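K.L.:
For reference, the sequence and a predicted model appear below.
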Amino acid sequence: MTHVITSLCLRDSGCVEVCPVECITPGKPESEWPLFYIDPDTCIDCGACVPECPYSAIFPEDDLPGAYNAHGGEYINQVGQSGHYEGSNHHGQPVVLDSVRQLSAGESVDLRGDIASNAAFYKKGPGYGAK
Ligand code: SF4
Ligand code: SF4
């Protein structure tokens, strides 16, 4: 099994530093790969990254919610969304995203599609996260 970063990721980067096997990579180009991604072939399922994420974006693959129940106000970060987000990451550096949408309270979102996007990121070759 692996852990998976979902569309709740706002590129804070805190997870990267705690991963003991260095299997988390920022997606580039951001217009195609807006999240950070976990290499499913390298992740040892230790769970260390989960509490580091300020947006609770990381789940064990088997626990990914098919109906994530939004609190309201959190962002979903996906190709095709056209909202705007400005914040800062774990190091205080600016994060600007133009692929987001703010969720409404009670809105239900299927996050299981991110299993495929994490895996796909590592299969696209150099420039798409290959190490
Ligand atoms: S800590 Fe959370 S928001 Fe930050 S890069 Fe990792 S998954 Fe994304
Ligand atoms: S579960 Fe552990 S090995 Fe897997 S990405 Fe998170 S910190 Fe890295």
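P.N.:
Done, it's in. Ligands and ions are numbered 1, 2, ... in the order given.

K.L.:
First-to-last residue distance for stretch 8-27?
P.N.:
14 Å (C-alpha to C-alpha, to the nearest Å).

K.L.:
measure Ile5 to Asp39 for me?
P.N.:
Note on Ile5: its distance to Asp39, by C-beta to C-beta, to the nearest Å, is 11 Å. Just so you know, the C-beta spots here come from the backbone N, C-alpha and C atoms, and that holds for glycine as well.

K.L.:
Equivalent analysis for Lys124, please.
P.N.:
Computed as C-beta to C-beta, the Lys124 to Asp39 distance reads 12 Å.

K.L.:
out of the two, which sits in the more crowded spot?
P.N.:
More crowded of Lys124 and Asp39, by other C-beta atoms under 10 Å: Asp39, with 21 against 12.

K.L.:
right, and the more buried one touches Tyr122 too?
P.N.:
Yes: the pair Asp39 / Tyr122 is scored as a contact, 4.9 Å apart, by C-beta atoms under 8 Å.
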